[in-house]
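[1] The following block contains a protein sequence and its predicted model.
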Amino acid sequence: ERDDYADFHLKAECMWAGSTESSIFLRCGKELLKGELPAGYQVIAGTRQNLNPFALQVTTADNPKPTLLANPTYRAPAGGDYRPLEIIARGHRIEIKLDGKTIVDYIDEKATHRKGRIALHVSSPDAGGFLFKKLAIKELPTAAVPDTPEQALPALAGSWTGAFTQKIADGKPAAKKLDCNIAIDWVAGKRFLRQRVQHGNTGDLQLMTYDEASTVFRSWFFNAHGMTLGPSIGRWDKATRTITWTNLPEAGLVGVKTLRFVDGDTVAWDVVFRDKAGSIIYEGSGQMSRTPHKVEINEDLAAGPLPPEMAVLDRLVGDWQNTGVFEPGQPGERKFAWKSTARRLLGGRLIDTQQTDGTYSISTYDPISKSYVRWLFDAEGRTLEYGGGWDEKTQTMKWHWSHKDGSQSTSTWRWRSLDQREWHTLSKDAFGKTVHEADAVATRLSEPGWVQLFNGKDFTGWYMSAKENNIWAVENNTMVNRIGTAK
């Protein structure tokens, strides 16, 4: 009798008992229209119609004749045992699963029916019927549509699936449509929202934050081919519930991206990059829908060969214990300790690190500037972009950051072995006064049960015969002999 089912997950077990015309109506009305069907979404459950089973149609008071929305290519055989059927209605999206396989995934841009009844319909019961058992429904929380810029980023957090349509690439028409998975979560003490997108064997990553003081969004963009942009500036349009991002010219490109909330569970986006002359270099659009299922992003998929310089940053991958002191040798000296976890993203094109003190960072190598780059984001909303260089001889990475007010910071990493590095950070104001300093050691945390046989420094724990004593050495944290190396 209820007439207010909006977002829900319907589960049933069904079986064909012959050739029949049956339907399940969703969000429908009570009264029958001229075509003797209620207004609502219609899922074809029978086998006598011209459509495949579980095709999706819609009827309205203005158009009582069913309009086809989606006709699945997967045609299930009739008869046999009861089979699991699922129908998930969330916002503008309707998903139909049979035997655990998604056979319809449709987004109704018009949002024709937002709520209504659940109804079963049979037009030819003498043909054998369509049998249901274990019919159950679970109502899903309706995601709120953001009304203010403060609500926009929290509304994006979660798991999404969607489709991306490429129109122009490298300045030429290059139409291509790809399905994509999107995982959006918080990092840096929930101060920055991280969006990871995978389509095919490539993908991208975007970090977003909102500054209430300036009422603007900021974002940083990275893709699997090595492109980095940001920070881009975004502004909120309440009337259209849209964030429009614009980046300053970088690498000769200016980009504009829009994110528009169709509803709380559906977001549409458009992106355009232009060159200095205003010509479109890249254009694409897409739409994503929230899913109750956890989306998996395969970070091992690579878009192409990695720069060999990434091997240095690859050493960071793993779990680490950091211990040290702030303001060493000063009256305010104090000890600290935190753990960090680094992993590869975008097929190893990025290394991201999350620290238990709330700091998040992304490191990569830029082949254009021929330098290492590291972005640091903290729980206070601060961001620092470091440029870095590697000294192979001393096994040292040195990072440098400077601000337009004259303040600057340097951070030096010196690898003592593959499992230990010393690091020192020094920050000064425009007049050279030290405002922050830290000395620390990062030690790799081994998995339980594993014992390191080589410490990266010397042959402690090893016995060397007189015959082989002169052919082994330790160079740059590597065990070296005349026929090869073991790291």
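    That came in fine, so what should we check first?

[2] Confirm that Gly347 sits in a helix.
    Yes. The assignment for Gly347, made by DSSP: H, G, I helix; E, B strand; the rest coil, places it in a helix.

[3] Return the residues in contact with it.
    Gly347 is in contact with 201, 224, 299-303, 306, counting by C-beta atoms under 8 Å, 6 or more residues apart in numbering. In short, each C-beta sits where N, CA and C put it, glycine included.

[4] What separation is there between it and Lys370?
    21 Å (C-beta to C-beta, to the nearest Å).

[5] Same question for Pro38.
    Taking C-beta to C-beta, one finds Pro38 at 66 Å from Lys370.

[6] How about Val145?
    From Val145 over to Lys370 (counting by C-beta to C-beta), the distance is 46 Å.

[7] quick one: which of the contacts of Gly347 is most hemmed in?
    Ala224 (25 neighbours; other C-beta atoms under 10 Å).

[8] ok, it touching Gly203?
    Yes. Here Ala224 lies in contact with Gly203, judged by C-beta atoms under 8 Å, at a distance of 5.5 Å.

[9] Mind listing the shared neighbours of those two?
    Common neighbours of Ala224 and Gly203 (C-beta under 8 Å, 6+ apart) are 303, 346.

[10] What is the neighbour count of the nearest residue to Thr60 once chain neighbours are set aside?
    Excluding the flanking residues, the one nearest Thr60 by C-beta to C-beta, 6 or more residues apart in numbering is Ala39, at 5.3 Å. By the criterion of other C-beta under 10 Å, Ala39 has 23 neighbours.

[11] Kindly report the same for Ala438.
    Neighbours of Ala438 (other C-beta under 10 Å): 17.

[12] what's the answer for Gly406, then?
    That count, for Gly406 with other C-beta under 10 Å as the rule, works out to 11.

[13] With Lys30 instead?
    There are 11 residues near Lys30, going by other C-beta under 10 Å.

[14] Could you confirm it falls within a helix?
    No. Lys30 is assigned coil when assessed by three-state DSSP, not a helix.

[15] Verify the contact between it and Arg2 for me.
    No. With contact defined as C-beta under 8 Å, Lys30 does not reach Arg2; the gap is 10.7 Å.

[16] Overlap in contacts, these two.
    Counting by C-beta under 8 Å, 6+ apart, the residues touching both Lys30 and Arg2 are Arg117.

[17] about what we covered before: show me what contacts the residue nearest to Thr60?
    Ala39 touches 28-29, 33, 59-61, 64, 113, counting by C-beta under 8 Å, 6+ apart.

[18] Out of those, which one has the weakest pLDDT?
    Lowest pLDDT among the contacts of Ala39: Leu33, with 85.

[19] any idea how far Ala111 is from that one?
    Taken as C-beta to C-beta, the span from Leu33 to Ala111 is 19 Å.

[20] More neighbours: the two, which one.
    Counted by other C-beta under 10 Å, Leu33 and Ala111 do not tie: Leu33 has more neighbours, with 17 against 12.

[21] Just give the closest residue to that one, not the sequence neighbours.
    Pro64 (3.6 Å).

[22] The one you found against Pro38, yeah?
    No. At 9.4 Å, Pro64 does not count as touching Pro38 under the criterion of C-beta under 8 Å.

[23] who's more crowded, those two?
    Pro38 (22 against 15).

[24] OK, contacts around that one?
    25, 28-32, 59, 117, 119.

[25] distance of it from Glu21?
    For Pro38, the distance to Glu21 - C-beta to C-beta - is 15 Å.

[26] swap in Thr291?
    When C-beta to C-beta is applied, the distance between Thr291 and Glu21 equals 31 Å.

[27] These two: which has the busier surroundings?
    When Thr291 and Glu21 are compared for neighbours, Thr291 comes out ahead with 20 against 17, by other C-beta under 10 Å.

[28] can you give me phi and psi for that one?
    Main-chain dihedrals, Thr291, degrees, to the nearest 10: phi -130, psi 140.

[29] What strand or helix carries the closest residue to Gly348 other than its chain neighbours?
    Distances taken as C-beta to C-beta, 6+ apart place Leu306 nearest to Gly348, at 5.3 Å, with adjacent residues excluded. For Leu306, there is no host helix or strand (DSSP states H and E).

[30] Kindly confirm whether my reading is correct that Leu306 touches Leu350.
    No. Using C-beta under 8 Å, Leu306 is not in contact with Leu350, being 10.4 Å away.

[31] The stretch 201-350 of the chain: strands as residue ranges?
    In the stretch 201-350 of the chain, the strands defined using DSSP state E, counting those that start in this stretch lie at 202-211, 216-223, 228-237, 242-246, 254-263, 266-274, 280-290, 318-326, 334-345, 350-355.

[32] hmm, back to that, format the contacts of Pro38 as TSV; extra columns: distance to Arg444.
    TSV is the format used below for those (distance: C-beta to C-beta, whole Å):
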residue	distance to Arg444
Phe25	59
Cys28	60
Gly29	64
Lys30	66
Glu31	69
Leu32	70
Thr59	63
Arg117	60
Ala119	61
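
[33] out of those, which are buried?
    Neighbour counting by 16 or more other C-beta atoms under 10 Å classes 25, 28-29, 59, 117, 119 among the contacts of Pro38 as buried.

[34] and those residues, which two are the farthest apart?
    Greatest spacing in the buried ones among the contacts of Pro38, by C-beta to C-beta: Thr59 and Arg117 (13.2 Å).

[35] Now the common contact residues for these two.
    With contacts taken as C-beta under 8 Å, 6+ apart, Thr59 and Arg117 have 38, 40 as neighbours in common.

[36] one step back: ok, the contacts of Pro38 vs Ile168, which is closest?
    Nearest to Ile168 among the contacts of Pro38, with distances taken as C-beta to C-beta, is Thr59, at 38.7 Å.

[37] My guess is the closest one contacts Leu32. True?
    No. Counting by C-beta under 8 Å, Thr59 does not reach Leu32; the two are 10.1 Å apart.

[38] hang on, Glu150 in a strand?
    No. Under three-state DSSP, Glu150 falls outside any strand and is assigned helix.

[39] residues near it, how many?
    So Glu150, with other C-beta under 10 Å, has 12 neighbours.

[40] Same question for Ser214.
    Ser214, neighbours per other C-beta under 10 Å, totals 9.

[41] ok, now how distant is it from Gly252?
    Ser214 is 27 Å from Gly252, by C-beta to C-beta.

[42] Tell me where the longest strand sits in this structure.
    Assignment by DSSP state E gives strand 172-187 as the longest strand of the chain.

[43] For that one, which strands pair with it and how are they oriented?
    Sheet partners assigned to strand 172-187 using DSSP bridges are listed as strand 158-169 (antiparallel), strand 192-199 (antiparallel).

[44] Measure how it sits relative to strand 350-355, angle-wise.
    On the basis of axes from the mean of the first three to the mean of the last three C-alpha atoms, to 10 degrees, strand 172-187 is oriented at 10 degrees to strand 350-355.

[45] Residues in contact with strand 172-187: which ones?
    Contacting residues not belonging to strand 172-187 are listed as 156-169, 192-200, 203, 207, 286, 288, 295-297, 354, 360, 377 [C-beta under 8 Å, 6+ apart].

[46] which among these end up buried?
    156-164, 166, 168, 192-199, 203, 207, 286, 288, 295, 297, 354, 360, 377.
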